[in-house]
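# Got a predicted structure plus its sequence, pasted below:
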Amino acid sequence: MRTRHFVRVCYLPLFVCLAACGGDAARSAGPVVRDSAGIRIVENSAPRWPEGAGWRLSEVPVLDIGVLDGDPYYQLYRVSDAEKLSDGRIVVANSGTGELRFYDGAGVFLSSSGRKGGGPGEFEGLSSLWAQADSLLTFDYRHDRVSIFDMTGAFVRSFGLHALMGAGLFPDAEAPLTDGSFLITARKSSGFGETTGLTRDSLLFLHCDPEGAVLDTLGWFLGTEWYVRTEEQMVAASTRAFGRGPVTTVYGDGFYFGDSDSYEIGYHDATGSLTRLVRKAHTNLPVTAEDTELWIQERSEDADDENERIFFERMYAEMPFPETMPAYESIFVDAEGNLWVEEYRRPGDEQPRWTVFDRDGALLGVVETPPRFRIFQVGSDFVLGRWLDDLDVQHVRIYELLKERDAT
């Protein structure tokens, strides 16, 4: 799930490489699989990829869209998502201008649709983009609205999730399912209370039809850990330092969910029933004094003025830090059904590492991606995402995904 909170991310110059998981040179004999009360449990201790083999990204991108100066259609601002279509075109959700921008397979600008605003086909908080069949679907978190466009960018229709807001919930469209229906999550709008301390919210998972009407309630799941501080008439909430939080990604007619407490991710079917657990032998990183200092330093720099900086420094000084970090950061599924899990990193560690499991939950190995690169889509032979250069200029890039023959 996309959790909106106070975060500052720092990056290092471009570097691309591959690492084998766990340092075990021998090919794994495979996971231990067992069934428990109808749930398939996959226990992994070592990767299938032998040392020196596996998947890696090309040293240089095969496509780069983005400039500091020049044609405004190549100047990207707050890119929230992007998708490579089956015909080779690239669609970029440029939320800073409220546009969907279309480029050909060589990165040449073709057209755009949408603009800033609240009318049909307009955006104020364009956060997600999906291509499905002959449609492009988007979510605007400020308007709590899903908008549908055709493949040329022409607006077709939209539906809102305002009924959930009326019920005291903050909705988020996770993704469409294969039949065009939607997985929606909704966080409770209350729960911070009036006293200082830790709290963890809850997420309601809902199955909605293509018009946004609720078909089924799938259940409540653990949400994000928050720290709430009250001072006189001011109440502020921040995600807890190294706090646990939910991760969700849709796959097929169901979804993966993990609460990041331990290295365990469950697959749930369209009814919300848990059918599979994917686990990896893992020890969560301990939180050190240096980690705590760096975390506070990074977030204090986010303050807009001196009074806010002082307030948040007091908050962070009082916030209880956990003994260990979460087990992982985020998840998604690639075009071939493999589950990618982003490993949690210490402050100052700018090298992203993704552990890859096959569609049955067997551990394959680890892929390292460029620092300052956020993945949006992984196809059978490419990785697409947003990259920031040394001047923080945004680029949409595609790297070739190279799969060694002896890696499977």
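That came through, no problem. Numbering: from 1, shown residues only.
# which residues of the stretch 201-350 of the chain fall in strands?
Per DSSP state E, counting those that start in this stretch, the stretch 201-350 of the chain carries strands over the ranges 214-231, 234-239, 247-251, 254-258, 264-268, 274-280, 328-333, 339-343.
# averaged over its residues, what pLDDT does the third one have?
In other words, strand 247-251. For strand 247-251, the mean pLDDT works out to 97.
# what angle sits between that strand and strand 339-343?
Angle of strand 247-251 versus strand 339-343, following axes from the mean of the first three to the mean of the last three C-alpha atoms, to 10 degrees, is 160 degrees.
# what's the offset of strand 247-251 from the middle of its chain?
How far strand 247-251 lies from its chain's middle: 9 Å, per C-alpha atoms, centre = their mean, to the nearest Å.
# residues making contact with that strand?
1, 174-177, 183, 185, 255-258, 260, 265, 267, 328-333, 337, 339 (C-beta atoms under 8 Å, 6 or more residues apart in numbering). From N, CA and C alone the C-beta is placed, and that goes for glycine too.
# same thing with the fifth one?
Strand 264-268 is touched from outside by 218, 247, 251, 254-258, 274-279, 327-328, 331, 339, 341, with contacts defined as C-beta under 8 Å, 6+ apart.
# try it again with 7 Å
254-258, 274-279, 331, 341 (C-beta atoms under 7 Å, 6 or more residues apart in numbering).
# now, of the strands of the stretch 201-350 of the chain, which is deepest in the fold?
strand 254-258 (a mean of 23; mean count of other C-beta atoms under 10 Å).
# what helices or strands is it leaning on?
Here strand 254-258 touches strand 247-251, strand 264-268, strand 328-333, going by 3 or more C-beta pairs under 7 Å, 6 or more residues apart in numbering; DSSP states H and E.
# one more time with 6 Å, if that's ok
Applying 3 or more C-beta pairs under 6 Å, 6 or more residues apart in numbering; DSSP states H and E, we find strand 254-258 packed against strand 247-251, strand 264-268.
# out of those strands, which comes closest to residue 50?
strand 264-268 (24.4 Å; C-beta to C-beta).
# mind listing what the closest one pairs with, with the direction of each?
Using DSSP bridges, strand 264-268 pairs in its sheet with strand 254-258 (antiparallel), strand 274-280 (antiparallel).
# Reformat those strands as a markdown table; add distance to residue 235 and mean pLDDT.
Listed next are the strands paired with strand 264-268 as a markdown table, based on distance: least, C-beta to C-beta, whole Å; pLDDT from 0 to 100:
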| stretch | distance to residue 235 | mean pLDDT |
| --- | --- | --- |
| strand 254-258 | 30 | 97 |
| strand 274-280 | 36 | 97 |
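# Low-confidence stretches in the stretch 101-250 of the chain?
165-166, 189-195, 233 (pLDDT under 70).
# in it, which spans are helices?
Remark: helices assigned in the stretch 101-250 of the chain by DSSP state H, counting those that start in this stretch are 162-166.
# rewinding a little: can you check which of the strands paired with strand 264-268 gets nearest to residue 52?
strand 274-280 (20.9 Å).
# any idea of the angle that closest one forms with strand 328-333?
Using the same axes, to 10 degrees, strand 274-280 lies at 130 degrees relative to strand 328-333.
# angle of strand 274-280 against strand 214-231?
Our comparison of strand 274-280 with strand 214-231, counting by the same axes, to 10 degrees, yields an angle of 50 degrees.
# Need the residues that contact strand 274-280.
For strand 274-280, the external contacting residues (C-beta atoms under 6 Å, 6 or more residues apart in numbering) are 39-44, 263-269, 357, 361.
# ok, those residues vs residue 145, which is closest?
Nearest to residue 145 among the contacts of strand 274-280 is residue 268, at 25.6 Å by C-beta to C-beta.
# Tell me the predicted confidence for that closest one.
pLDDT recorded at residue 268 is 97.
# Tabulate the strands of the stretch 201-350 of the chain in TSV, adding columns for distance to residue 399.
Formatted as TSV, the strands of the stretch 201-350 of the chain follow (distance: least, C-beta to C-beta, whole Å):
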stretch	distance to residue 399
strand 214-231	31
strand 234-239	30
strand 247-251	21
strand 254-258	24
strand 264-268	25
strand 274-280	25
strand 328-333	16
strand 339-343	14
